[in-house]
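In: The amino acid sequence is not available; the structure is as follows:
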């Protein structure tokens, strides 16, 4: 009986977690739409998550590398500005720990004055 109760709690938690995840993907898609970027919500969310993973693992060393990756995976008519907007939105929604990579080095204090 105790295992049944635990299973019910786990099932409820999983059920409730899915809509929360879906909401983030929907908000992400809405933000992309504001930049004129359309397409499958699931595909765009997947692409954003892959981009974050590439940055975390060092596959893309810079945001310019990530933008090149995105440019080859987004619709052909996607402009360079839209690819950068996609990247900024992806970092904001799915890997905010990487969002600092978008700031110019001078704003991060990485450029030596001299």
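Out: Received the coordinates, thanks. Since the model is a prediction, treat every value here as computed from it, not as a measurement.

In: How many residues are close by residue 79?
Out: 13 (other Cβ atoms under 10 Å). All C-beta atoms are positioned from the backbone trio N, CA, C, and that covers glycine.

In: Kindly report the same for residue 91.
Out: 22.

In: where does it land in three-state SS?
Out: Look at residue 91: counting by DSSP: H, G, I helix; E, B strand; the rest coil, its state is helix.

In: Which pLDDT value belongs to the residue nearest the centre of the chain?
Out: Taking Cα atoms, centre = their mean, the centroid of the chain lies closest to residue 90, which sits 2.8 Å from it. Here the pLDDT value assigned to residue 90 is 97.

In: OK, contacts around it?
Out: Shown in contact with residue 90 (Cβ atoms under 8 Å, 6 or more residues apart in numbering): 28, 47-49, 51-52.

In: let's see it at 6 Å
Out: 48, 51 (Cβ atoms under 6 Å, 6 or more residues apart in numbering).

In: where does the protein dip in pLDDT?
Out: Along the chain, segments meeting pLDDT under 70 span 1-22, 103-114.

In: Now with 50, please.
Out: 5-19, 105-114 (pLDDT under 50).

In: mind listing the helices for it?
Out: Ranges of helices within the chain are 2-34, 41-57, 63-73, 80-94, 105-108, based on DSSP state H.

In: For residue 38, which non-adjacent residue is spatially closest?
Out: Leaving aside its chain neighbours, residue 38 sits nearest to residue 32 (7.3 Å; criterion: Cβ to Cβ, 6 or more residues apart in numbering).

In: count of neighbours near that neighbour?
Out: For residue 32, the number of neighbouring residues by other Cβ under 10 Å comes to 23.

In: Residue numbering should commence at 43 henceforth.
Out: Sure, I'll start numbering at 43, so the last one becomes residue 74.

In: ok, so what distance separates it from residue 139?
Out: 21 Å (Cβ to Cβ, to the nearest Å).

In: go on, residue 75?
Out: Counting by Cβ to Cβ - residue 75 and residue 139 are separated by 25 Å.

In: I'd like to know how far the nearest residue to residue 78 once chain neighbours are set aside sits from residue 99.
Out: The shortest distance from residue 78 to any non-neighbouring residue, by Cβ to Cβ, 6+ apart, is to residue 124 (6.4 Å). Residue 124 sits at a distance of 25 Å from residue 99 (criterion: Cβ to Cβ).
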